[in-house]
Structures are given as structure tokens and as C-alpha cells.
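*Asks:* below is the sequence, then the predicted model.
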Amino acid sequence: MEYYSWILSLHVIAVLSWMAVMFYLPRLFVYHVENIDKKEFVEVVKIQEKKIDAFIGHPAMTITILSGIAMISLNPALLSQHWMIAKIISLILLIAYAISLTKFRKSLENDSCKKSGRFFRMYNELPTALAILIVTYVITKNFSWLFTLTIILLFGFVCYKILNHKKAK
């Protein structure tokens, strides 16, 4: 347990870096698809997307997962707590989201992505909802179906508003 605080510090730093990527990469996708006719601009955005994903996103995700496993290994009693199970489920969704960002990046890179800027704006809200859940579980050490359902419904409402927003003329 003498190394637990060091591992926790590494974990928090990695999470912050990973979340920054998951908040920013879909924003780059918006710029990419909404400026597809500006070839020079899109080529610069492609480079940014690839570097952020490969050099920050993947390492930060890996360190987050490995440091989390290390902390659970040092304190396996965490797995008997409902909030930790909820956090792990949310983490699995976050990992799936990160993997999907890489798939979208690759399809944008080879010009085969058919998603719109509106889609990526909506998609960009998902890590926020998951971060709210995860941080709340960790800080309160509590799991609440009501809170979880409220965040999910709020996320659904935000997505609905984004998808049904009419562009001003």
C-alpha cells in the first residue's frame, strides 16, 4: 500500500489526459467534416487527429487502465463496492467510446466517413456524461440508480436537442 498514492496520482494524470483527448478529438472531427472542401485545412486537421489519438489518447488510456488495475490489485476490497462496479461499467463504455474515436479517425483519414458535424457534436457529449457518472461514483463512494438514470436522460435530451437544432439562416 506504500505505493498506492503514487499509483493514484499517475491514474488521475492519465485520466485527465485521456479525457482531454476524448473531449477534443470529436471537435476536430466536426471541423474536418464541415470543411471537407478545404483540402489544405483538412490535411492539417488529419495530422492533428492522428497525433492526438496515437501519441496522447492511446498511451493515456493504457496508463489509466493499468494504474486502475494496480490500485484494485493493491485493494481488492474495492470490487465488493457497488460504486466501483458502476465505475468499471462506465469505464468499459468509455473504452468503447475511445475505440470508436479511432475508427472514426481512420475513416476520416481515408475519406470514407459519412457522419455529419451535427453527429460529432452530439457524439462529443457522451464522455461528459460518463465523466459525470464516474467522478460522482468515486467522490461519493455511492451508486444511485436515480442519479444514473437522471444523467442518462439528460444526455438523451442534449442529444435530441443537438440532432433537432435548426441552423439559423
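*Replies:* Perfect, thanks for sending it.

*Asks:* every contact and neighbour count from this point should use C-alpha atoms.
*Replies:* Fine.

*Asks:* buried set for the helix or strand in which Leu153 is found?
*Replies:* Assigned by DSSP states H and E, Leu153 belongs to helix 145-163. For helix 145-163, a neighbour-count test (16 or more other C-alpha atoms under 10 Å) marks 148, 151-152, 155-156, 159, 162 as buried.

*Asks:* what does stretch 61-72 give?
*Replies:* 61, 63-65, 67-68, 70-71.

*Asks:* circling back to that earlier point, of all the buried residues of helix 145-163, which comes closest to Lys38?
*Replies:* Ile162 (24.8 Å; C-alpha to C-alpha).

*Asks:* pretty sure that closest one sits against Phe120.
*Replies:* No: using C-alpha atoms under 8 Å as the test, Ile162 is too far from Phe120 to be in contact (10.0 Å).

*Asks:* one step back: what is the helix holding Leu153 packed up against?
*Replies:* Secondary-structure packing of helix 145-163 (3 or more C-alpha pairs under 8 Å, 6 or more residues apart in numbering; DSSP states H and E): helix 117-123, helix 126-140.

*Asks:* export that helix as PDB, just CAs?
*Replies:* Extracted C-alpha coordinates of helix 145-163, given in PDB (Å, rounded to 0.1, in the frame of the first residue of the first chain):
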ATOM      1  CA  TRP A 145     -30.000   4.400  -9.800                       C
ATOM      2  CA  LEU A 146     -31.900   7.700  -9.700                       C
ATOM      3  CA  PHE A 147     -28.700   9.800 -10.300                       C
ATOM      4  CA  THR A 148     -27.500   7.400 -13.000                       C
ATOM      5  CA  LEU A 149     -30.900   7.500 -14.800                       C
ATOM      6  CA  THR A 150     -31.000  11.300 -14.500                       C
ATOM      7  CA  ILE A 151     -27.700  11.700 -16.200                       C
ATOM      8  CA  ILE A 152     -28.600   9.200 -18.900                       C
ATOM      9  CA  LEU A 153     -31.900  11.100 -19.500                       C
ATOM     10  CA  LEU A 154     -30.100  14.400 -19.500                       C
ATOM     11  CA  PHE A 155     -27.600  13.100 -22.000                       C
ATOM     12  CA  GLY A 156     -30.500  11.900 -24.200                       C
ATOM     13  CA  PHE A 157     -32.200  15.300 -24.000                       C
ATOM     14  CA  VAL A 158     -29.000  17.100 -25.000                       C
ATOM     15  CA  CYS A 159     -28.500  14.700 -28.000                       C
ATOM     16  CA  TYR A 160     -32.100  15.200 -29.000                       C
ATOM     17  CA  LYS A 161     -31.700  19.000 -29.000                       C
ATOM     18  CA  ILE A 162     -28.500  18.800 -31.000                       C
ATOM     19  CA  LEU A 163     -30.000  16.500 -33.600                       C
END
